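Novice: prediction below, plus the sequence it came from.
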Amino acid sequence: MADLEFNKNEDGLKLLISKLDRKLNEVYKGGGKAKMDKHRKKGKLTARERIEYLLDEGSPQVEIGALAGDGMYAEHGGCPSGGVVVIIGYVRGRQCIVVANDATVKAGAWFPITGKKNLRAQEISIENNLPIIYLVDSAGVYLPMQDEIFPDKEHFGRIFRNNAVMSSMGITQIAAVMGSCVAGGAYLPIMSDESLIVEKTGSIFLAGSYLVKAAIGEKIDNETLGGADTHCDISGVTDYKSKNDKECLDTIKDIVEKIGSKELAGYNRQEPSLPKEDMNEILGKMPVSRAKPYNTLDIIKRLVDNSKFTEYKATYGKTIVCGYARIDGWSVGIVANQRKLVKSAKGEMQFGGVIYSDSADKAARFIMNCNQKKIPLVFLQDVTGFMVGSRSEHGGIIKDGAKMVNAMANSVVPKFTVITGNSYGAGNYAMCGKAYDPKLIVAWPTAELAVMGGEQAAKVLLQIEVASLKKKKEEITPERENEILDNIRAKYKEQTSPYYAASRLWVDAIINPLETRKVISMGIEMANNKKIERAFNPGVIQT
């Protein structure tokens, strides 16, 4: 029976991974074959080809926001991957983050999600002292949606504010103009430490030749106005002139290779080891159904080095599992929701995935310990929320939950979040959701994100909808009620999907569970570039 359940889980998860792969393969096509062919005829590499050539061959990489914009902007023809590719990888052995406009998607124009994705890339660079490389090829703001990308704090202009702040922090910024770089975007190269431009295809100007003629009556071609010769020989805006894309990218490699090292944060790392338990068995241990219980320790032991996990307070607060381990050699503290039914110290059965007072208290103490020892935190989320009811309220669940949130929110060690299953309500917050600044946050294809579980939410929404219709004197038959409920369920299911979250950058990526170790390892290596700048102080915590 156990083998049958394992096989069902494995088959179900493989189908979800296959769906993910198909979606990613579509995204990788950018604006489509015809636009890619047209792009290459100009002698240009595509955004992904540029990054592939720039990064060290065969080295690991993590893509941020590949599914950004998924299912959005249909009325504008869509915006695959948000029209920009962002990848954390290695250039001549140094970890960098690369941001490349995809000119096959609306000429690389900026949609609202494009701006959000670029800001996320800069945020990662700022938080981790990570060199950032911009491969520019963009027509600027997508004018039909200019009101959603231009004036606000988290809009287009924030990019250049960040350029200035990053420069003052000593973070290396390199900009290569490999296509259009117009209007406000023209400030990017000069606000970077060093800038490159490709002959004949690269151009920089505040206004193109047509707008110049309209504005001041001057007749001039774009190459003379803002091409490579103009900006390398006359204006001095750019520092290096390249004959083609590959020469430009080779120059970037040479520049990156010369960057000196900074003092590291000093997170502990030993020789990496693979788990003793078969990692591939995660696919059989993890139920596709979000309602089915499982033992979270079975997952952890297939993620950590040598499958060795030193569990903290193992017999107390059992609906959260805490403990020390190594992932790819890095020392980590793991906080994970236990999904199986467990028995409390008083002999009461507790629901898996629910945070009880004792679990929250344990997790808060463990998080504080990790901050004391300078150990990065990894949160494995499969949480339905905090326990409700009179017994929990009288026992101080709000106080204990606040204690956990306080310790987590004020942590100074790097935090990484993997949403393996449910991520509901305040449980999302307590387990380091996006609002709490994890260095990276990724989801498995089995993830669901919502303010509450689908069935509970559907019934609440149904009551609201039915009450509203009755006020309008509409007759609600059982058939009509079922129809309304089915519509609510369908909409809620779409909104709880990990793809809905990924398209809006609530998570950085949806990953194959077997990539989890790589993502966490590269994340800690990234975070190790920046020293902890303040002491851990959780503020006021009620006991």
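Specialist: Perfect, thanks for sending it.

Novice: check for me that residue 231 belongs to a helix.
Specialist: Yes - Residue 231 sits within a helix when classified using DSSP: H, G, I helix; E, B strand; the rest coil.

Novice: give me the residue ranges of this structure where confidence is low.
Specialist: 1-2, 184, 394-395, 452-462, 540-543 (pLDDT under 70).

Novice: and the longest helix for it?
Specialist: For the chain, the helix with the greatest residue count under DSSP state H is helix 2-27.

Novice: what packs against that one?
Specialist: For helix 2-27, the packing partners by 3 or more CB pairs under 8 Å, 6 or more residues apart in numbering; DSSP states H and E come out as helix 282-285. C-beta coordinates here come from the backbone N, C-alpha and C atoms, glycine included.

Novice: against which helices or strands is the helix it packs on packed?
Specialist: Using 3+ CB pairs under 8 Å, 6+ apart, helix 282-285 sits against helix 2-27, helix 296-300.

Novice: point out the other helices and strands that the shortest one packs with.
Specialist: Pointing back at helix 296-300 there. Using 3+ CB pairs under 8 Å, 6+ apart, helix 296-300 sits against helix 282-285, strand 320-327, strand 330-337, strand 377-383.

Novice: and among those, the most buried is which?
Specialist: Compared across those, strand 377-383 shows the largest average neighbour count, a mean of 27 (mean count of other CB atoms under 10 Å).

Novice: that one pairs with which strands, and in what direction?
Specialist: strand 330-337 (parallel), strand 415-424 (parallel) (DSSP bridges).

Novice: hmm, back to that, got TSV for the helices and strands packed on helix 282-285, with mean neighbour count and distance to residue 91 too?
Specialist: Below are the helices and strands packed on helix 282-285 laid out as TSV (neighbours: other CB atoms under 10 Å; distance: least, CB to CB, whole Å):
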stretch	mean neighbour count	distance to residue 91
helix 2-27	14	23
helix 296-300	21	33
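
Novice: possible to save those as JSON lines with distance to residue 149?
Specialist: JSON lines is the format used below for the helices and strands packed on helix 282-285 (distance: least, CB to CB, whole Å):
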{"stretch": "helix 2-27", "distance to residue 149": "21"}
{"stretch": "helix 296-300", "distance to residue 149": "40"}
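
Novice: so which of those is nearest residue 270?
Specialist: helix 296-300 (18.4 Å; CB to CB).

Novice: mind listing residues that contact the next helix or strand after that closest one?
Specialist: Per DSSP states H and E, the first helix or strand lying C-terminal to helix 296-300 is strand 310-312. Strand 310-312 has contacts (CB atoms under 8 Å, 6 or more residues apart in numbering) with 297, 321-325, 362, 366, 369.

Novice: and the residues you listed, which is closest to residue 210?
Specialist: residue 325 (60.0 Å).

Novice: picking that back up, residue 449: which of the contacts of strand 310-312 is nearest?
Specialist: For the contacts of strand 310-312, the nearest to residue 449 is residue 321 (21.0 Å; CB to CB).

Novice: which strand residues bridge the closest residue to the closest one other than its chain neighbours?
Specialist: Nearest residue to residue 321, sequence neighbours excluded (CB to CB, 6 or more residues apart in numbering): residue 336, at 4.6 Å. On the basis of DSSP bridges, residue 336 is bridged to residue 321, residue 380.

Novice: how close does residue 336 get to residue 326?
Specialist: 15 Å (CB to CB, to the nearest Å).

Novice: quick one on the thing from earlier: which of the helices and strands packed on helix 282-285 sits closest to residue 219?
Specialist: helix 2-27 (41.4 Å).

Novice: I'd like the contacts of strand 310-312 as CSV, with distance to residue 70 appended.
Specialist: Converted to CSV, the contacts of strand 310-312 look like this (distance: CB to CB, whole Å):
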residue, distance to residue 70
297, 33
321, 32
322, 34
323, 35
324, 37
325, 33
362, 37
366, 36
369, 39
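
Novice: wait, which of the helices and strands packed on helix 282-285 is closest to residue 411?
Specialist: Short answer: helix 296-300, nearest of the helices and strands packed on helix 282-285 by CB to CB, at 20.0 Å.

Novice: what about the closest one, distance to the chain center?
Specialist: When C-alpha coordinates are averaged (CA atoms, centre = their mean, to the nearest Å), helix 296-300 and its chain have centres 23 Å apart.

Novice: in a strand, residue 174, correct?
Specialist: Yes - counting by three-state DSSP, residue 174 is located in a strand.

Novice: what bridges to it?
Specialist: residue 133, residue 194.

Novice: run a quick neighbour tally on it.
Specialist: 25 (other CB atoms under 10 Å).

Novice: what of the one 5 residues further on?
Specialist: The number of residues packed around residue 179, counting by other CB under 10 Å, is 24.

Novice: helix or strand: which one has it?
Specialist: Here residue 179 is assigned to strand 173-182, by DSSP H and E.

Novice: what sits against the spatially most central residue of the chain?
Specialist: Centre of the chain computed as the mean C-alpha position; nearest residue by CA atoms, centre = their mean is residue 508, 1.2 Å away. By CB under 8 Å, 6+ apart, the contact list for residue 508 reads 64-65, 120, 440-442.

Novice: how about the closest residue to it other than its chain neighbours, what does it touch?
Specialist: Of all residues not flanking residue 508 in the chain, residue 64 sits nearest, at 4.9 Å (CB to CB, 6+ apart). Shown in contact with residue 64 (CB under 8 Å, 6+ apart): 86-88, 97, 117, 120-121, 124, 508-509.

Novice: tell me how far the helix or strand hosting residue 428 lies from the chain's centre.
Specialist: Assessed by DSSP H and E, residue 428 sits inside helix 425-430. Put simply, helix 425-430 sits 18 Å off its chain's centre (CA atoms, centre = their mean).

Novice: got it, and stretch 3-19?
Specialist: Taking mean C-alpha positions (CA atoms, centre = their mean), stretch 3-19 and its chain are 25 Å apart.

Novice: CA atoms of it as CSV?
Specialist: Taking C-alpha atoms only, stretch 3-19 is exported to CSV below (Å, rounded to 0.1, in the frame of the first residue of the first chain):
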residue,chain,number,x,y,z
ASP,A,3,4.5,1.6,-2.4
LEU,A,4,1.3,2.3,-4.3
GLU,A,5,0.9,5.7,-2.6
PHE,A,6,4.6,6.5,-3.3
ASN,A,7,4.1,5.7,-7.0
LYS,A,8,0.9,7.8,-7.2
ASN,A,9,2.8,10.8,-5.6
GLU,A,10,5.7,10.3,-7.9
ASP,A,11,3.6,10.1,-11.1
GLY,A,12,1.6,13.2,-10.0
LEU,A,13,4.6,15.3,-9.2
LYS,A,14,6.4,14.3,-12.4
LEU,A,15,3.3,15.5,-14.3
LEU,A,16,3.5,18.8,-12.5
ILE,A,17,7.2,19.1,-13.3
SER,A,18,6.5,18.3,-17.0
LYS,A,19,3.9,21.1,-17.0
